[in-house]
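Asker: Fold the following and give me the result.
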Amino acid sequence: MSRRRYRTTVLSTMKKVLYVTGVGMALGGSVELVSSDLSGSGAGRVLDNIKGTWSQTLKFLGNDATLEAEYDRNANERFLDSATISGKLDDVNYELKTKFGGEMALTVSADTADGTTVEAVATKNDGITKVTATRSTKIQGRDVDVEASHAVKSGESKLKLSSVLGHGVKAIVNLGPKQDADYELEYESSIGEGRKLSANVNPKDGSGEIEFVDNKSIDATVTASMPLGGKPKVTVKRAWNF
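Answerer: Prediction:
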């Protein structure tokens, strides 16, 4: 199937979904085609997924809000995957997300006077599930992002410290409930206009992944990734905004 026919088919599907679900005309959105793994042997597989997003502004509780709907063919071919309404009430940011056929989750966050951002996540069935506090500070003269989180159901608390070491390298330390530390190193660098190389490595277990993203060579996003000790994967993503 040609690219033009793909696009026509996708847009037609999106219009039907919007009509059935009553979302109405969106002020903005995108349609995204994602290829299968081009490095694999499945010659008959071409299109792995179709995704779409639509957003529009509206008034909610007397304030501006954004309504966003998401379509994911792999999740549900004939219906929207989720809908999210987000905005700000006084000093509190909120996001209410509904997974059709699944859970509804509310995320609220606010900044304190000392620069700490406090966030809480609650679901309809379980109430508050997670509380997180993040802030930037200095430790031994180095800028460090600190994140403390607590999962209510499991009673597990975690502390995450991340700091940029320089030259695109970031060090991340995760402290679990038993004070056992897990280390990660992340690297990200631009290697020319529209091309980016990134990598993450966990020295403790030797896991990690290298990823190359190219938005320049063709009118699409080409992503080549390879987990350490694994097989490479190449995908192509093409998006249209409207």
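
Asker: show me what contacts the spatially most central residue of the chain?
Answerer: Nearest to the mean C-alpha position of the chain, counting by CA atoms, centre = their mean, stands E70 at 12.8 Å. If you count contacts by CB atoms under 8 Å, 6 or more residues apart in numbering, E70 has them with K51, G52, T53, L80, D81, S82, A83, T84. No exception for glycine: its C-beta is placed from N, CA and C like everyone else's.

Asker: Look up the pLDDT of it for me, please.
Answerer: The score at E70 is 96. That number is its pLDDT.

Asker: Would you mark the buried spots in the helix or strand encompassing it?
Answerer: Element membership for E70, per DSSP states H and E: strand 63-72. For strand 63-72, burial by neighbour count (16 or more other CB atoms under 10 Å) applies to A65, T66, L67, E68, A69, E70, Y71, D72.

Asker: cool, stretch 80-88 as well?
Answerer: L80, D81, S82, A83, T84, S86, G87.

Asker: Would you quantify the distance from R238 to G29?
Answerer: Noted for R238: a distance of 15 Å to G29, by CB to CB, to the nearest Å.

Asker: In terms of neighbours, single out the busier of those two.
Answerer: G29 (20 against 16; other CB atoms under 10 Å).

Asker: so who does the more buried one touch?
Answerer: G52, T53, W54, S55, N241, F242.

Asker: do the same with K130
Answerer: Contacts of K130 (CB under 8 Å, 6+ apart): A120, V121, S149, H150, A151, V152.

Asker: which of those sit farthest apart?
Answerer: Within the contacts of K130, two members stand farthest from each other by CB to CB: A120 and A151, at 11.8 Å.

Asker: Direction included, what does the one helix or strand E32 maps to pair against?
Answerer: Following DSSP H and E, one finds E32 within strand 28-35. Strand 28-35 has these partner strands in its sheet, going by DSSP bridges: strand 47-60 (antiparallel), strand 233-241 (antiparallel).

Asker: Neighbour-wise, which one of the contacts of G29 leads?
Answerer: Busiest of the contacts of G29 [other CB under 10 Å] is G52, holding 26 neighbours.

Asker: Any idea what that one is bridged to?
Answerer: In beta-bridge terms (that is, DSSP bridges), G52 pairs with V31, Y71.

Asker: who's in contact with the spatially most distant residue from the centre of the chain?
Answerer: Residue farthest from the centre of the chain, counting by CA atoms, centre = their mean, is Q140 at 32.2 Å. Contact analysis of Q140 by CB under 8 Å, 6+ apart lists nothing.

Asker: Could you report the pLDDT at it?
Answerer: Value for Q140, per-residue pLDDT: 87.

Asker: Can you list the low-confidence ranges for the chain?
Answerer: 1-27, 41-45, 179 (pLDDT under 70).

Asker: Kindly state the domain boundaries assigned to the protein.
Answerer: Under the assignment automatic domain parsing, the domains of the chain span 1-102, 180-242.

Asker: picking up where we left off before, just the buried positions in the strand holding E32, please.
Answerer: Those would be G29, V31, E32, L33, V34, S35, for strand 28-35 by 16+ other CB under 10 Å.

Asker: Which of the residues you listed sits closest to N174?
Answerer: Distances from N174 to the buried residues of strand 28-35, taken by CB to CB, are shortest for V34, at 30.2 Å.

Asker: That closest one and L61, how far apart?
Answerer: From V34 to L61 the distance is 36 Å (CB to CB).

Asker: And H150, by the same measure?
Answerer: 29 Å.

Asker: Same check on V121?
Answerer: Separation of V121 from L61 (CB to CB): 20 Å.

Asker: Settle it for me: which of those two has more neighbours?
Answerer: V121 (19 against 8).

Asker: Quickly find the element holding the more buried one.
Answerer: strand 117-123.
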